[in-house]
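J.: I'd like to go over a predicted model; first the sequence, then the structure.
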Amino acid sequence: MLKRQLNKFAMVKNTVAFLSEYEEIISVIPELQIYHSELRSKCDEIESRDTERIVIRQGRFLNKMTERNEAINKALGISGAVFAYARKIKDIELEGRSYILRSELNNMRDTELASKLKFIKELAEENMQPLNSFGVTAQKMNLYIRKIALYEKAVEDSGSSFAVKKGNLKVIRELFKETDSILTAIDKLTDSFLEEYPGFVNNYRILRRIKNFGVRHRKVPVTQTIQ
């Protein structure tokens with residue numbers, strides 16, 4: 001949720017809790033009980049949507065970072081083998097091209113890193129036969145190529161989480177509009193208790209004006225008895 005929505009959501013949840021504490025009073029008006037249940041349901045929907053958005057975003061980001069780190073580790077192992085081979089045969093050009101630092105890869109953007117990983121793959125493929133004795137086998141190369149593909153897929157999935165976030169935020173906005181409609185109805189119905197339970201109504205009104213996130217309201221004793 002957005003910051004302004006978090007403050008409003010806290011107010012709505014506290015309203016649901018407040019009405020639950022005074023179930024004996026609101027039960028006098030069946031329609032008010034129905035609105036109370038609907039409000040609780042909207043709260044659950046909003047919370048569920050927001051949790052889904054956060055979980056998807058964090059999960060995809062963590063997966064991308066895992067694949068990124070593993071791809072970098074494999075890339076350094078292969079580029080290091082190419083560098084060692086180039087130094088052995090005194091190929092200065094190949095030595096310079098294969099001299100790659102971890103810090104260099106770590107500081108790259110995702111698209112830059114993907115290109116660099118493929119560049120390292122091409123360097124190794126150009127020298128596959130001699131690299132075998134430096135520990136770069138066909139199996140190791142296949143695993144590296146697969147890791148590049150997995151990393152690129154993780155980057156793509158991480159980017160698509162933005163669409164999920166946008167979609168969920170749109171649904172949450174609509175849920176808040178529905179919540180506003182329910183609250184308006186509850187506001188009107190609680191006014192009917194002004195004569196019998198002024199303390200209940202006054203505290204309800206105070207609660208509805210709350211703007212600060214996470215405020216918990218104490219139950220105020222209602223001295224009147226239900227007739």
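T.: Nice, thanks for sending it over.

J.: okay, and L6 sits in which element?
T.: Following DSSP states H and E, one finds L6 within helix 3-21.

J.: any idea how far that helix is from the chain center?
T.: Put simply, helix 3-21 sits 22 Å off its chain's centre (C-alpha atoms, centre = their mean, to the nearest Å).

J.: just checking, what packs against the helix or strand harbouring K166?
T.: K166 is part of helix 138-190 when elements are defined by DSSP H and E. Counting contacts by 3 or more C-beta pairs under 8 Å, 6 or more residues apart in numbering; DSSP states H and E, helix 138-190 packs against helix 3-21, helix 30-88, helix 110-126, helix 198-208. In short, each C-beta sits where N, CA and C put it, glycine included.

J.: 6 Å instead, please
T.: Helices and strands in packing contact with helix 138-190 are listed as helix 30-88, helix 110-126; criterion 3 or more C-beta pairs under 6 Å, 6 or more residues apart in numbering; DSSP states H and E.

J.: distance to I206 added to these, as JSON lines?
T.: Formatted as JSON lines, the helices and strands packed on helix 138-190 follow (distance: least, C-beta to C-beta, whole Å):
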{"stretch": "helix 30-88", "distance to I206": "18"}
{"stretch": "helix 110-126", "distance to I206": "50"}
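
J.: tell me which of those sits nearest to K147.
T.: helix 30-88 (4.9 Å; C-beta to C-beta).

J.: would you mind pulling up the elements that the closest one packs against?
T.: helix 3-21, helix 92-98, helix 110-126, helix 128-131, helix 138-190.

J.: ok, now how distant is the most centrally placed residue in the chain from I29?
T.: Central residue of the chain (C-alpha atoms, centre = their mean): I54, 2.2 Å from the mean position. In this view, I54 and I29 are 37 Å apart by C-beta to C-beta, to the nearest Å.

J.: and if you look at I78?
T.: Distance from I78 to I29, by C-beta to C-beta: 73 Å.

J.: average pLDDT for stretch 15-22?
T.: The average pLDDT within stretch 15-22 is 93.

J.: I am finished for the moment; much appreciated.
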